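Chemist: Give me coordinates for this.
(2 chains)
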There are 2 protein chains.
Amino acid sequence: MNQPVSSRKPFPAELLAALMAKFGDRVSTGAAILEQHGKDESAHPHAPPDAVVFPETTAEVALIVKLCGKHGIPVIAFGAGSSLEGHVLAIYGGVSIDLTRMNKVLAVHAEDQDVTVEAGVTRKQLNQHLRDTGLFFPIDPGADATLGGMAATRASGTNAVRYGTMSENVMGLTVVLADGRIIHTGGRSRKSAAGYDLTRLFVGSEGTLGLITEVTLRLHTLPEAVSAAVCAFPSVDAAVRAVIQTIQLGVPIARCELLDATTIGAVNLYSGLELREAPMLFCEFHGTTASVAEQAETVQTIARELGGMDFEWATKQEDRTRLWQARHDAYLACRRLRPNNRAFSTDVCVPISRLAECIAETYDDIAMASMPVALFGHVGDGNFHLVILLDPDHPEEADLADALNRRVVMRALEMGGTCTGEHGIGIGKIEFMNEEHGDAVSVMAAIKKSLDPGNLLNPGKIIPA
Amino acid sequence: MNQPVSSRKPFPAELLAALMAKFGDRVSTGAAILEQHGKDESAHPHAPPDAVVFPETTAEVALIVKLCGKHGIPVIAFGAGSSLEGHVLAIYGGVSIDLTRMNKVLAVHAEDQDVTVEAGVTRKQLNQHLRDTGLFFPIDPGADATLGGMAATRASGTNAVRYGTMSENVMGLTVVLADGRIIHTGGRSRKSAAGYDLTRLFVGSEGTLGLITEVTLRLHTLPEAVSAAVCAFPSVDAAVRAVIQTIQLGVPIARCELLDATTIGAVNLYSGLELREAPMLFCEFHGTTASVAEQAETVQTIARELGGMDFEWATKQEDRTRLWQARHDAYLACRRLRPNNRAFSTDVCVPISRLAECIAETYDDIAMASMPVALFGHVGDGNFHLVILLDPDHPEEADLADALNRRVVMRALEMGGTCTGEHGIGIGKIEFMNEEHGDAVSVMAAIKKSLDPGNLLNPGKIIPA
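Modeler: Presented below is the predicted three-dimensional model:
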């Protein structure tokens, strides 16, 4: 919530005419299209743009940015619309640049384990494209997001504990700047010390410094062996302690997810599983056959010592796919727990030594809440999510959710953590920027101003007013 | 070479007096101290500062920066002085801020596998400090560099193929800005999506955007088992192909270094080893006992198929230490190949599919050279070094080395690589910035200007005039 008051300029007829002249029926001002581009998966009030354009090339994106710049009109990149903190909302109006037609895989370099894609390619589309190469792209936020959007929000997911986030897996970018110039950052070598790391500056900048139109990604070798298992624990605390010990032992676990009993109940209903309704870890091991067996044995031993049950194995590929799809659908599953709800989701990340304590104190908050709240997350990274289900007929619940969110975030910050491990700032976490970063926010603002002096690139996001 | 013409302002007596008043005998203008702070390990002509100050706290660094800023005098951070592209040379004069007295390990968080150190702590000092924790810090440039300097230059080393570079291992920084403000970037959680990634912007910025005074680093679990082996090959090409196959198979090799026959000869002499004078890989495997054995078996099989000899194992810790110290001393060893030489070193990095071709063509260049040239490097990353030994009595050799360097760099760029994998830009590679980055250099310049409008932070480095 905490949404800035919208202050829209009237949309210039001349700009619309110029866009129409160039893009024809690839410009839309239809109500349904505007509505679709004015919302994401968050609970923030919708804020539709004035127009949506569907470019097909980087040069076309540059042209749109130049035209809008001439009229002082904001531009907002739009991919799958699956952001969770209002990133794509046109809170100051302007043009939504829908990149989903830029959906070509441009070059796979299998020997070098990299790929260059247009921004609108989704993560599932990419992995489908890679299916005969022996390679895969591991970053997997819940949604089938576009890779441009994932780069722009520094997304991660269930594999980050082993393979890193978008920060570690984006090698280079093509970016349209505020003045319409096109630059290329980074490159295809595995490392470089050649100047400022612009790639990682744009990764996570949420379209506020430039529009990402192409992404070069690092790929990974499909492991020789994969095994996945679920393990029920007597308490969330015991499950979290098992994870902490696993990480501290240096076990190269590929996935390590916590779902609390509420979430498991929701997942069982939504995905037709029959898991025990208890706090549960979903684990996956990658490596050689011998190494996978060894990792699993180590983690099973740790789990048993903490009261965990025996692993239930998902040995077949289709069972694993079903399990992880269910995990990815946890957010959607939780939304079914209350009819006609609005879902308020948040995420925080803390140093792993504080994770058990942070989650325990968060459960004290949840126990006080009058709404259903599910907790799950990428605990191997110290990252967890809350999904708070609001009744739209009880608007006071939004304030309660805000207060809960603030308590959880402030606790994470006090523990040396961050206000968001992976969802990003958008408009939803902007109020915490100063609390988390202090004077460093002024450096971010200076960079924003130097690269976007007119404040036309996704204005109102990341940088507090 | 390619050094910009120095243009020094007269050093204000008032500034010197202010520094003396505050820092007493921690300010020096003695010739020997100035000379020591006006050079690094490169062949670039020395450029001493006007004064050297030895601060002991971040606040003191901020004070020096403020005082110098008032007088429009440049400041240059100085650590071990082991940079290889003239990073620390005071080419516009100014004050060298020697951070070696800021050498405290501030906080080890063993459970979270992170540590915060002052910028002057060296990598060996840190690992000595960590010796009872079961953790280590893997990044190891040849020199016992300071961690502040390693962050500022985005250093890597022999372990990068497994553990990443400073880019992946710096979690947060304390930075003194050009106006003397102190900011903290990043944090201690394993990931964050909270705003611009300032940490990675400062990592590799070579003191041109701010002065790094504290560094929070990610640590790694000491592996249960370590084994190291050397393997001689009939040709550099065969050795490189073995590396490429190893990487492509996804073997999590920890170190994978190529030394050519010239380098092996030098290393034998310098470090008292008796290795066969042939192209050789130095490999190290980390993991559980079973996993290490499995990795080694896979790589040995690959090597044999390419004509590699049987692995010679360094099984004892002291043998491994001797082996890797010899590798780290390769640069010093090569310098002994020609009496009284000046060593011109360079490094490039290419996508691994082009590495064999890039090295083969580079050997054609070396064959044409009239000076001794050694080639070695971190081939698992696609990164290799040349050390060109110049006779100071034959100044024309410097031009020949420049020309050789340019050929190697342009070849790397044409192959999709970078002009430097790990040494950085300094003044030595500044001429290649536009060729590598094109218009993106203007974005770097805009950021530089926004954070250092007076161009007083290590001026003349990274950003071409």
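Chemist: Which parts of the stretch 301-450 of chain A are strands?
Modeler: Under the criterion DSSP state E, counting those that start in this stretch, the stretch 301-450 of chain A contains strands at A:312-314, A:342-349, A:373-377, A:383-390.
Chemist: My error: substitute the stretch 151-300 of chain A in the last question.
Modeler: Counting by DSSP E, counting those that start in this stretch, the strands of the stretch 151-300 of chain A are A:170-176, A:182-186, A:211-218, A:220-221, A:225-232, A:255-259, A:280-287.
Chemist: just checking, what packs against the first one?
Modeler: Strand A:170-176 makes packing contacts with helix A:58-71, strand A:182-186, helix A:198-202, strand A:211-218 when contacts are defined by 3 or more C-beta pairs under 8 Å, 6 or more residues apart in numbering or on different chains; DSSP states H and E. All C-beta spots, glycine's among them, are computed from the backbone N, C-alpha and C.
Chemist: Export the ones you listed as a markdown table, with columns for distance to residue A:102 and mean pLDDT.
Modeler: Formatted as a markdown table, the helices and strands packed on strand A:170-176 follow (distance: least, C-beta to C-beta, whole Å; pLDDT from 0 to 100):
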| stretch | distance to residue A:102 | mean pLDDT |
| --- | --- | --- |
| helix A:58-71 | 8 | 98 |
| strand A:182-186 | 13 | 98 |
| helix A:198-202 | 16 | 98 |
| strand A:211-218 | 6 | 98 |
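Chemist: Between those, which one is closest to residue B:12.
Modeler: helix A:198-202 (35.4 Å; C-beta to C-beta).
Chemist: so how far is the closest one from its chain's centroid?
Modeler: Put simply, helix A:198-202 sits 17 Å off its chain's centre (C-alpha atoms, centre = their mean, to the nearest Å).
Chemist: List the buried residues in that helix.
Modeler: For helix A:198-202, burial by neighbour count (16 or more other C-beta atoms under 10 Å in any protein chain shown) applies to A:198-202.
Chemist: ok, of these, which one's closest to chain B?
Modeler: Taking C-beta to the nearest C-beta as the measure, chain B lies nearest residue A:200 of the buried residues of helix A:198-202, at 3.9 Å.
Chemist: Which residue lies closest in space to the most centrally placed residue in chain A, excluding its sequence neighbours?
Modeler: Nearest to the geometric centre of chain A sits residue A:155, at 3.8 Å (C-alpha atoms, centre = their mean). Nearest non-adjacent residue to residue A:155, counting by C-beta to C-beta, 6 or more residues apart in numbering or on different chains: residue A:141, 4.6 Å away.
Chemist: which residues touch residue A:202?
Modeler: Contacts for residue A:202 were tallied using C-beta atoms under 8 Å, 6 or more residues apart in numbering or on different chains; they are A:151-152, A:173, A:175, A:185, A:209-210, A:212.
Chemist: just residue A:35 next, same as before
Modeler: Here residue A:35 is in contact with A:46, A:48 (C-beta under 8 Å, 6+ apart).
Chemist: what does residue A:182 give?
Modeler: With the criterion set at C-beta under 8 Å, 6+ apart, residue A:182 makes contact with A:58-59, A:62, A:174-176, A:213, B:439.
Chemist: can you pick the most crowded of those?
Modeler: residue A:175 (29 neighbours; other C-beta atoms under 10 Å in any protein chain shown).
Chemist: Might you report the residue contacts of the nearest residue in space to that one that is not next to it in sequence?
Modeler: Closest residue to residue A:175 apart from its sequence neighbours, by C-beta to C-beta, 6+ apart: residue A:210 at 3.9 Å. Contact analysis of residue A:210 by C-beta under 8 Å, 6+ apart lists A:175-178, A:183, A:202, A:451, A:457.
Chemist: what do you get if the cut-off is 7 Å, keeping everything else the same?
Modeler: Taking C-beta atoms under 7 Å, 6 or more residues apart in numbering or on different chains, we find residue A:210 in contact with A:175-177, A:202, A:451, A:457.
Chemist: same thing with residue A:219?
Modeler: A:113-115, A:130, A:135-137.
Chemist: Give me every residue in the stretch 1-150 of chain A lying close to chain B.
Modeler: Residues of the stretch 1-150 of chain A that fall close to chain B, judged by C-beta under 7 Å from any C-beta of the partner chain: A:109, A:111-112.
Chemist: Can you report how many residues lie near residue A:429?
Modeler: 27.
Chemist: doesn't residue A:421 make contact with it?
Modeler: No. The pair residue A:429 / residue A:421 is not scored as a contact, 11.0 Å apart, by C-beta atoms under 7 Å.
Chemist: Now do residue A:395, the pLDDT please.
Modeler: Looking at residue A:395, its pLDDT stands at 89.
Chemist: what's the burial count for it?
Modeler: 10.
Chemist: For it, give its distance to chain B.
Modeler: 28 Å (C-beta to the nearest C-beta, to the nearest Å).
Chemist: Show me how chain A divides into domains.
Modeler: Chain A breaks down by automatic domain parsing into domains covering A:13-100, A:105-221, A:225-333, A:338-437.
Chemist: nearest to residue B:94, of the ones you listed?
Modeler: Comparing the domains of chain A by C-beta to C-beta, domain A:105-221 comes nearest, at 21.4 Å.
Chemist: What distance separates the opening and closing residues of that closest one?
Modeler: 18 Å (C-alpha to C-alpha, to the nearest Å).
Chemist: Stretch A:222-238 now?
Modeler: Termini of stretch A:222-238 sit 31 Å apart (C-alpha to C-alpha).
Chemist: give me the low-pLDDT residue ranges for chain A?
Modeler: A:1-7 (pLDDT under 70).
Chemist: re earlier: any chance of the strands of the stretch 151-300 of chain A in CSV, plus distance to residue A:389?
Modeler: Output for those, formatted as CSV (distance: least, C-beta to C-beta, whole Å):
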stretch, distance to residue A:389
strand A:170-176, 34
strand A:182-186, 40
strand A:211-218, 33
strand A:220-221, 36
strand A:225-232, 24
strand A:255-259, 16
strand A:280-287, 20
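Chemist: Show me the one of those that comes nearest residue B:306.
Modeler: Where the strands of the stretch 151-300 of chain A are weighed against each other on C-beta to C-beta, the nearest is strand A:220-221, at 19.5 Å.
Chemist: helices or strands up against that closest one?
Modeler: strand A:135-136 (3 or more C-beta pairs under 7 Å, 6 or more residues apart in numbering or on different chains; DSSP states H and E).
Chemist: quick check, distance from the strand it packs on to the centre of its chain.
Modeler: 20 Å.
Chemist: mind listing the helices for the stretch 301-450 of chain A?
Modeler: A:317-328, A:330-335, A:355-368, A:396-414, A:433-437, A:440-451 (DSSP state H, counting those that start in this stretch).
Chemist: hey, which of the ones you listed is tucked in deepest?
Modeler: Stretch with highest mean neighbour count among the helices of the stretch 301-450 of chain A: helix A:330-335 (a mean of 23; mean count of other C-beta atoms under 10 Å in any protein chain shown).
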